[in-house]
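> got a sequence here, can you build the structure:
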Amino acid sequence: MTKEEKYIALLPQAKALCEDESDTIAKMANISALLHHEFGFWWTGFYRVLASPQPISQGEGELVLGPFQGPLACVHIGYGKGVCGTAWKERRTVVVPDVEQFPGHIACSSESRSEIVVPVFRGDEVVAVLDIDSRELATFDDTDRRYLEQVAAFIAL
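Numbers count the residues shown, from 1 in each chain. The predicted structure is shown next:
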């Protein structure tokens with residue numbers, strides 16, 4: 001089965017896991033497990049945007065570790081920092097074929113070699129990012145981007 005065929009088969013299951021669930025953390029937990037076990041990624045999970053204690057504007061606050069599958073992870077990531085913070089700041093999916101070549105990459109694990117980070121939107125606001133790491137170089141491409149953006153949209157259902 002090709003990668004695209006796997007995603008096509010996975011989409012209805014991902015949607016079903018989210019559409020009748022009101023708790024965002026539960027959705028993130030199940031989506032992390034579904035993707036991680038279907039594709040065998042090194043690390044699959046979410047970072048949630050949490051506001052700073054003061055009144056905030058865009059770019060304030062931080063990403064805080066949410067539900068995930070895989071080894072231990074970084075807990076706090078700043079706005080615009082690393083691949084996750086960049087995807088949040090730029091409000092777009094970031095595909096990194098070689099994390100060693102990404103300026104400011106945050107190395108939570110030395111075994112991570114490539115990464116994709118997909119923003120999760122609620123309306124116009126980024127509320128989280130879906131972060132997936134691989135032990136192999138150049139694991140992620142436009143196919144992953146297209147389908148993972150669809151999966152991330154289910155979180156806002």
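
> taking the centroid of this structure, which residue is nearest it?
residue 130 (1.2 Å; Cα atoms, centre = their mean).

> residue 113 against residue 137, yeah?
Yes - counting by Cβ atoms under 8 Å, residue 113 does reach residue 137; the two are 5.0 Å apart. (Glycine included, C-beta is placed from N, CA and C.)

> more neighbours, these two?
More crowded of residue 113 and residue 137, by other Cβ atoms under 10 Å: residue 113, with 19 against 13.

> for residue 11, see how far away that one is.
With distances taken as Cβ to Cβ, to the nearest Å, residue 113 is found 26 Å from residue 11.

> just to revisit the earlier point, what is the residue nearest to the centre of the chain paired to in the beta sheet?
Using DSSP bridges, the bridge partners assigned to residue 130 are residue 46, residue 118.

> contacting residues for it?
Taking Cβ atoms under 8 Å, 6 or more residues apart in numbering as the contact definition, residue 130 lies against 31, 45, 46, 117, 118, 120, 148, 151, 152, 155.

> how about residue 18?
Shown in contact with residue 18 (Cβ under 8 Å, 6+ apart): 27, 30, 31, 154, 155, 157.

> where does the chain dip in pLDDT?
52-60 (pLDDT under 70).

> can you pull out the helices in the chain?
Secondary structure of the chain, counting by DSSP state H: helices at 3-19, 24-39, 82-90, 142-155.

> and the second one, which residues are buried?
It stands for helix 24-39. Using 16 or more other Cβ atoms under 10 Å as the test for burial, helix 24-39 gives 24, 27, 28, 29, 30, 31, 32, 33, 34, 35, 36, 39.

> again with the shortest one
Buried residues in helix 82-90, defined by neighbour count with 16+ other Cβ under 10 Å: 82, 83, 84, 85, 86, 87, 88, 89.

> output the contacting helices and strands for it.
Secondary-structure packing of helix 82-90 (3 or more Cβ pairs under 8 Å, 6 or more residues apart in numbering; DSSP states H and E): strand 62-69, strand 76-78, strand 94-96, strand 114-122, strand 125-134.
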